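Chemist: Provide a 3D model corresponding to the input given below.
(chains A and B)
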Amino acid sequence: MHSTNRIVTGAVAAALFASAAFAAGHGGNPAVNARKAHMQVYAHNIGILGAMARGNAEYNAEAAVAAAGNLAGLAALDQTSYWVPGTDSDSLPDESRALPALFDNLDDVEAKRAALEVAAVALAAVADDGLDAVRAGLGPVGAACGACHEDYQKPRD
Amino acid sequence: MRRAAALVLVLAAAGAAAGLFLTRAERLSETDLAGIEPDLARGEWVFHASGCASCHVSPDAERGDTPVLAGGRRFETPFGTFVAPNISPHPEAGIGAWSDAEIVTAMTRGTSPEGRHYYPAFPYGAYAKAELSDMVSLAAYLRTLPADATPSAPHDLGLPYNIRAGVGLWKLLYLDTAWAVDVGDDPLLLQGRYISEALAHCGECHTPRDALGGLDRARWFGGAPNPSGDGDIPAIHPGSLTWSEAEIAAYLSDGFTPEFDVAGGSMRAVVEGLARLTAEDRAAVAAYVKATLPVE
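Modeler: Numbers count the residues shown, from 1 in each chain, chains lettered A, B, ... in the order given. Predicted structure coming up:
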């Protein structure tokens, strides 16, 4: 189980690295680029599960397990090197939607990250049990994402 | 000369009286609500559609299934800081001792049981469009929620906004129960408009305001500065929001944008409330959003 997790996490990290490298090649703050890449890979995997949950794609156990596993792996990654001071929405208004309050409450942010990991691991454990299980498990994942966005994300213009 | 002076005095007095009369706090009585029977299930629906929990649950508490409406959330605005009051059914700290008429008066006229004007941070301008029966049902549902003894904190406003009589004038200028958007007679659109304009009060954040804080109805859903924090609230009229009706309805249920970003800020609580309505309700709101006029 542990070795599987490590492989998953390794694969996710590789995908992130490629994505961050792409973003970095196009300018911008490297820490913000890394965050955006991280969020984008979350969104990609949530999109696979969300399309099934919304009835826009056929339920596929294998794809659901893979996507949920990726979410769990992503949530487990250490992100301390890219949630760094000086990269908030006041310091980098054109790039960052991370409110200054986020950087004043890193313990809470870590608790919210941990809650996402718990929700994603739980989803991964039931993702091959059928569409209803995916729907039920995806709710808490979205809520965990939203808990952080509610407190620490500046609205999109 | 003396007569002219007397006339001026009389006119001034009459003007002042008319001003006081026009800006007086309006109230409903039990007779206005005669014959209305509360429906608890409907009240719960109204509660979630109206987003009560999004402002009145303490910022440290969970919204959850039986929210504690202890208040305490602070709203930093250009007019000063408003603090959401305790509206739990506690008899002293909350609204437990209020009659139906007092609750419905607060919701639809913005007037307290003592006859004071509420500030329009409380969106009674929207609830004024609601059916009285829905407000009575809401009052009954509010009484089923947990009581909390936390006293309401005062607002922190500077001159001239701390003069409540000014709110009477504000009401005269802006309190308008006409619908903002003409949707014809399509039942789905009418349902969507009722939820959006009378209950969910989408326009309170998504429509820009003038210098006195009145909604600019000609720019309905045109986007606006965040009324209580950083950044801007996005425009959601059809000239700006390109999501399909199905995508809007799905977002109001699971909180995912079409790109599977996750709703944040104040919208999080809005989605939590609307997620508790039916799929048809959300489809109605989505249809209404697409039926608003594009804003230049």
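Chemist: and the most centrally placed residue in chain A, backbone torsions?
Modeler: When Cα atoms, centre = their mean is applied to chain A, the residue found nearest the centroid is A:Tyr42 (3.7 Å). Dihedral angles of A:Tyr42 (phi, psi; degrees, to the nearest 10) stand at phi -60, psi -50.
Chemist: my guess is B:Val289 meets B:Leu241, correct?
Modeler: Yes: the pair B:Val289 / B:Leu241 is scored as a contact, 7.0 Å apart, by Cβ atoms under 8 Å. From N, CA and C alone the C-beta is placed, and that goes for glycine too.
Chemist: more crowded one of those two?
Modeler: Legend: neighbour count by other Cβ atoms under 10 Å in any protein chain shown for B:Val289 and B:Leu241, higher for B:Val289 (24 against 18).
Chemist: what residues does the helix or strand hosting the more buried one touch?
Modeler: Assigned by DSSP states H and E, B:Val289 falls within helix B:279-291. When contacts are defined by Cβ atoms under 8 Å, 6 or more residues apart in numbering or on different chains, helix B:279-291 is touched by residues B:49, B:181, B:183, B:186, B:188-189, B:191-193, B:195-196, B:200, B:202, B:221, B:236, B:238, B:241, B:245-246, B:248-249, B:252-253, B:274.
Chemist: just to revisit the earlier point, what about the nearest residue to the residue nearest to the centre of chain A once chain neighbours are set aside, how many residues nearby?
Modeler: Once flanking residues are discounted, A:Tyr42 sits nearest to A:Leu74: 5.8 Å by Cβ to Cβ, 6 or more residues apart in numbering or on different chains. Other residues lying near A:Leu74 total 24 when counted by other Cβ under 10 Å.
Chemist: is it fair to say A:Leu74 lies in a helix?
Modeler: Yes: with DSSP: H, G, I helix; E, B strand; the rest coil as the criterion, A:Leu74 is assigned to a helix.
Chemist: Now for the closest residue to B:Asp254 other than its chain neighbours, how many residues are close by?
Modeler: Spatial nearest neighbour of B:Asp254, chain neighbours left out: A:Gly142 (5.9 Å); criterion: Cβ to Cβ, 6+ apart. Using other Cβ under 10 Å, A:Gly142 has 23 other residues around it.
Chemist: check contacts around A:Gly142.
Modeler: A:46, B:254-256, B:262.
Chemist: one step back: name the residues contacting each of B:Val289 and B:Leu241.
Modeler: By Cβ under 8 Å, 6+ apart, the residues touching both B:Val289 and B:Leu241 are B:Ile248.
Chemist: I figured B:Gly94 was touching B:Asp148, is that so?
Modeler: Yes: with contact defined as Cβ under 8 Å, B:Gly94 and B:Asp148 form a contacting pair (6.7 Å).
Chemist: where do the helices sit along the chain?
Modeler: Defaulting to chain A. A:2-24, A:30-53, A:61-76, A:100-104, A:106-126, A:131-152 (DSSP state H).
Chemist: sorry, should have said chain B
Modeler: Under DSSP H, chain B gives helices at B:2-22, B:40-50, B:52-56, B:100-109, B:124-127, B:132-142, B:165-174, B:187-193, B:203-206, B:245-254, B:267-274, B:279-291.
Chemist: if I look at the residue nearest to the centre of chain A, how far off is A:Ala68?
Modeler: Look at A:Tyr42 and A:Ala68: by Cβ to Cβ, to the nearest Å, they are 12 Å apart.
Chemist: can you list the contacts of A:Gly142 in JSON lines and add pLDDT, distance to B:Asn86 and neighbour count?
Modeler: Shown next, in JSON lines, are the contacts of A:Gly142 (pLDDT from 0 to 100; distance: Cβ to Cβ, whole Å; neighbours: other Cβ atoms under 10 Å in any protein chain shown):
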{"residue": "A:Ile46", "pLDDT": "98", "distance to B:Asn86": "37", "neighbour count": "26"}
{"residue": "B:Asp254", "pLDDT": "96", "distance to B:Asn86": "31", "neighbour count": "21"}
{"residue": "B:Gly255", "pLDDT": "96", "distance to B:Asn86": "28", "neighbour count": "25"}
{"residue": "B:Phe256", "pLDDT": "97", "distance to B:Asn86": "33", "neighbour count": "26"}
{"residue": "B:Val262", "pLDDT": "94", "distance to B:Asn86": "30", "neighbour count": "27"}
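Chemist: Distance to B:Glu114 for the residues you listed - can I get that in a markdown table?
Modeler: A markdown table is the format used below for these (distance: Cβ to Cβ, whole Å):
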| residue | distance to B:Glu114 |
| --- | --- |
| A:Ile46 | 49 |
| B:Asp254 | 43 |
| B:Gly255 | 39 |
| B:Phe256 | 45 |
| B:Val262 | 42 |
